[in-house]
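Participant: What follows is a predicted structure for the sequence shown.
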Amino acid sequence: MKKYLKPSVFILSLFPFLIITYKIFFNQLGPEPVKEITHHTGEWTLIFIILTLAMTPFKKITKLNFWISLRRMLGLFVFFYATIHMLTYVVIDYRLDLQSISKDIFTKRFIFVGFAAWLLLTPLALTSSKKAMMLLKDKWKKIHRLIYIIAILGVVHFIWLVKKDLTEPLIYMAIILILLLFRFKFKKV
């Protein structure tokens, strides 16, 4: 069963990409196609951040190590969907107009934190291999703790984007905060 777990999770993780690809090719994106792609990939980025952060609590709760074996793959899917999200904005929406993009980064706070989150994700993706783990030793853990900051920035990006109905981003925030609380070691009184 374990040998089928990783390939199954990989295939399931591709479903959001396949869904948006299907919608693109069969003209099912609705009246605002760029907005639909951006929202879809942004939401799945947050979902994969949550899934990645959930692996440690799942391990603690179930006492099963196989959850940790999924963490790297799920983390790389965070980067995959975040990169598609960012490229949709940069390439499709702004057509590589670097002047307008840089203006947005410095004048729109939700774009600034979203871009900052993507920049912080990049070293995590680049150092996700076992070889990088061995080369970086203790520094590897410090680098990969950036996921906690990235998770918060991702939710802040979403909160500042929506402005009116904060229900959905606040649900993401609550889930992320609960998952981050699992990282603390509380002393027994």
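Facilitator: Happy to help now that I have it.
Participant: so where is the chain shaky, pLDDT-wise?
Facilitator: 1, 185-189 (pLDDT under 70).
Participant: Alpha carbons of stretch 86-96, in CSV - could you do that?
Facilitator: C-alpha atoms of stretch 86-96 as CSV (Å, rounded to 0.1, in the frame of the first residue of the first chain):
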residue,chain,number,x,y,z
MET,A,86,2.4,34.5,-10.3
LEU,A,87,3.0,33.8,-14.0
THR,A,88,-0.7,34.3,-14.7
TYR,A,89,-0.4,37.8,-13.3
VAL,A,90,3.0,38.6,-14.9
VAL,A,91,2.6,37.0,-18.3
ILE,A,92,-1.1,36.8,-19.1
ASP,A,93,-2.5,39.7,-17.1
TYR,A,94,0.4,42.2,-17.5
ARG,A,95,2.0,40.7,-20.6
LEU,A,96,5.5,41.1,-19.1
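Participant: Okay, buried residues for stretch 94-103 please.
Facilitator: By 16 or more other C-beta atoms under 10 Å, the buried positions in stretch 94-103 come out as residue 101. The way it works is simple: take the backbone N, C-alpha and C, and place the C-beta from them, glycine included.
Participant: which residues sit against that stretch?
Facilitator: 89, 90, 104 (C-beta atoms under 8 Å, 6 or more residues apart in numbering).
Participant: Sitting in helices, which of the residues you listed do you find?
Facilitator: Taking DSSP state H as the definition of helices, the contacts of stretch 94-103 contribute residue 104.
Participant: tell me the SS of the closest residue to residue 148 other than its chain neighbours?
Facilitator: Nearest residue to residue 148 in three dimensions, chain neighbours excluded: residue 180, at 6.0 Å (C-beta to C-beta, 6 or more residues apart in numbering). Secondary structure assignment for residue 180 (DSSP: H, G, I helix; E, B strand; the rest coil): helix.
Participant: so who does residue 180 touch?
Facilitator: If you count contacts by C-beta under 8 Å, 6+ apart, residue 180 has them with 53, 148, 151.
Participant: so which of those comes closest to residue 42?
Facilitator: Set against residue 42, the nearest of the contacts of residue 180 by C-beta to C-beta is residue 151 (13.5 Å).
Participant: Report all helices and strands that the host helix or strand of residue 13 contacts.
Facilitator: Per DSSP states H and E: residue 13 is located in helix 2-25. If contacts are counted by 3 or more C-beta pairs under 8 Å, 6 or more residues apart in numbering; DSSP states H and E, helix 2-25 sits against helix 33-62, helix 66-87.
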